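Colleague: model this:
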Amino acid sequence: AAALRRQLEFDGGQAAEQAREAEAAAAAALAAAAAAYTPSPALGRLQVANRTLMLDGAPWMMRGISYSPVPTGEDPGYALPYGDYFTSQYEPLFARDLALMAEMGANTVRVYTWSTSARHGTFLDMAHHLGLAVVAVFEMGTAEQTPLVEPRDLAYAQTRLQAKVRATGGHPAVVSWLIGNELNGAWNAFVCNKEYEEETLQAPGAHSGLAHCAFGDDAWAFVGAIDALCHVVAAEGLLCSTPLAGIKLPNRYYWAEDNCPFKTYSVNDWYALMEGAGRELPGFVPANFTVQYISYFAANLYPGRNFE
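Modeller: Take a look at the predicted model:
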């Protein structure tokens with residue numbers, strides 16, 4: 001959390017209240033433009049057709065590596081570049097690693113930190129030369145660090161995201177963007193059960209500045225906000241997703257009757273929700289709930305918990 005706060009300050013003080021107010025007009029204009037935009041399926045290298053990823057027009061199986069290198073002796077949480085080791089200064093580090101990734105058969109590299117103010121041309125050129133697609137990230141942190149509930153806050157996040165996407169200059173190595181990381185996890189305070197609020201956020205000595213999760217236990221509202229952010233990415237011709245924690249929906253989405261549309265008690269229920277599960281139940285799915293711009297499903301899954 002502290003590292004993300006310093007990273008935002010490093011990127012020009014965007015976390016400051018003054019910056020948010022100064023960009024309010026631009027954010028409103030961006031939101032209006034995004035609402036009227038219909039992305040063309042021909043813009044980006046990576047597209048989805050018939051539930052299949054297509055890279056450069058051919059079916060594509062993503063074989064990726066999550067990559068977050070740290071040079072010996074450095075602490076990305078407390079010093080520049082706060083985890084963004086993808087600039088030319090660190091070429092010896094990533095040149096070695098990217099070559100090894102390609103040699104072992106990987107075709108994708110996912111990063112966790114991507115500073116707007118840094119230049120990543122050498123990293124991207126090398127990845128592209130080696131046949132590695134890059135999945136970049138819009139860091140979100142917690143709901144306290146990147147609020148999304150109020151329209152003004154969502155518009156401001158969209159402005160930051162647009163600047164970050166455009167900073168890559170449309171490099172062909174970048175095929176997709178991820179919004180945050182495990183944002184559906186209660187520990188990030190975007191969405192959670194009421195019990196978590198009472199037992200953790202409101203507990204004596206709690207370190208969070210929030211007493212409630214931003215969207216409460218409303219998974220629909222949370223997913224709608226992420227889809228609005230992905231709309232910005234789609235407007236730039238790229239695919240977008242959010243890597244979910246491998247956990248079930250909040251408790252309100254489960255009941256004993258056979259008509260409950262969520263039955264796996266796993267991350268698969270999040271996917272079912274995104275695809276509109278339960279629309280056959282009168283009044284169950286909010287009338288304004290649709291997912292249009294989350295291009296594909298993504299999740300962090302772990303041996304022993306999510307699979308053998």
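
Colleague: bridging residues for the residue positioned nearest the centre of the chain?
Modeller: Nearest to the geometric centre of the chain sits I179, at 1.4 Å (C-alpha atoms, centre = their mean). Beta-bridge partners for I179, by DSSP bridges, are F138.

Colleague: isn't P250 up against W220?
Modeller: No: using C-beta atoms under 8 Å, P250 is not in contact with W220; the gap is 10.5 Å. Every residue, glycine included, has its C-beta placed from N, CA and C.

Colleague: neighbour count winner among these two?
Modeller: P250 (22 against 18; other C-beta atoms under 10 Å).

Colleague: what pLDDT does the closest residue to the more buried one other than its chain neighbours get?
Modeller: Among residues not flanking P250 along the chain, D217 sits closest, at 3.8 Å (C-beta to C-beta, 6 or more residues apart in numbering). For D217, the model assigns a pLDDT of 96.

Colleague: quick one: the helices in this structure?
Modeller: Counting by DSSP state H, the segments of the chain that form helices are 2-10, 17-22, 24-35, 91-104, 121-129, 151-166, 194-196, 219-235, 268-274.

Colleague: so how far is stretch 204-222 off the chain centroid?
Modeller: Relative to its chain's centre, stretch 204-222 lies at 18 Å (C-alpha atoms, centre = their mean, to the nearest Å).

Colleague: how many neighbouring residues does P204 have?
Modeller: 4.

Colleague: how far away is it from E198?
Modeller: Remark: distance between P204 and E198 (C-beta to C-beta, to the nearest Å) = 12 Å.

Colleague: contacts only, for W187.
Modeller: T142 (C-beta atoms under 8 Å, 6 or more residues apart in numbering).

Colleague: could you rerun that using 6 Å?
Modeller: Contacts for W187 (C-beta atoms under 6 Å, 6 or more residues apart in numbering) come out as none.

Colleague: cool, and R252?
Modeller: Contacts of R252 by C-beta under 6 Å, 6+ apart are D217.

Colleague: same thing with A157?
Modeller: Neighbours of A157 in contact, by C-beta under 6 Å, 6+ apart: T146.

Colleague: same check, this time on the one 5 residues further on
Modeller: For Q162, the residues meeting the contact criterion (C-beta under 6 Å, 6+ apart) are V232.

Colleague: how close does it get to G141?
Modeller: 18 Å.

Colleague: A245 contacts N188, correct?
Modeller: No: here A245 does not reach N188: they are 8.6 Å apart, not a contact under C-beta atoms under 6 Å.

Colleague: so between the two, which is more surrounded?
Modeller: Neighbours were counted for A245 and for N188 using other C-beta under 10 Å; N188 has more, 23 against 20.

Colleague: could you check the pLDDT of that one?
Modeller: For N188, pLDDT reads 96.

Colleague: for the residue lying closest to it once chain neighbours are set aside, grab phi and psi.
Modeller: Spatially, and ignoring its direct neighbours in sequence, N188 is nearest to T142 (4.9 Å; C-beta to C-beta, 6+ apart). Per-residue torsions, T142: phi -100, psi 170 (degrees, to the nearest 10).

Colleague: I figured T142 hits A189, correct?
Modeller: Yes: using C-beta under 6 Å, T142 is in contact with A189, at 5.2 Å.

Colleague: who has more neighbours, these two?
Modeller: A189 (25 against 21).

Colleague: so the more buried one touches L210, yeah?
Modeller: Yes: counting by C-beta under 6 Å, L210 is a contact partner of A189 at 5.1 Å.

Colleague: residues contacting R279?
Modeller: V285.

Colleague: quick one: contacts for L132?
Modeller: Each residue near L132 by C-beta under 6 Å, 6+ apart is listed here: V109.

Colleague: what distance do you get for it to F86?
Modeller: For L132 relative to F86 (C-beta to C-beta), the value is 12 Å.

Colleague: for N259, which non-adjacent residue is closest in space?
Modeller: In space, N259 is closest to L281, 6.4 Å off (C-beta to C-beta, 6+ apart).

Colleague: how close does E91 sit to L100?
Modeller: 15 Å.

Colleague: I meant to write V285 there.
Modeller: Where L100 is concerned, V285 sits at a distance of 46 Å (C-beta to C-beta).

Colleague: look at those two and report which has more neighbours.
Modeller: V285 (17 against 12).

Colleague: so G246 makes contact with P303?
Modeller: No: with contact defined as C-beta under 6 Å, G246 and P303 do not form a contacting pair (11.0 Å).

Colleague: pick out whichever of these two has more residues nearby.
Modeller: G246 (19 against 7).

Colleague: now do the contacts for the closest residue in space to S208 that isn't next to it in sequence.
Modeller: Nearest residue to S208 in three dimensions, chain neighbours excluded: L201, at 5.5 Å (C-beta to C-beta, 6+ apart). Contact analysis of L201 by C-beta under 6 Å, 6+ apart lists S208, L210, A211.
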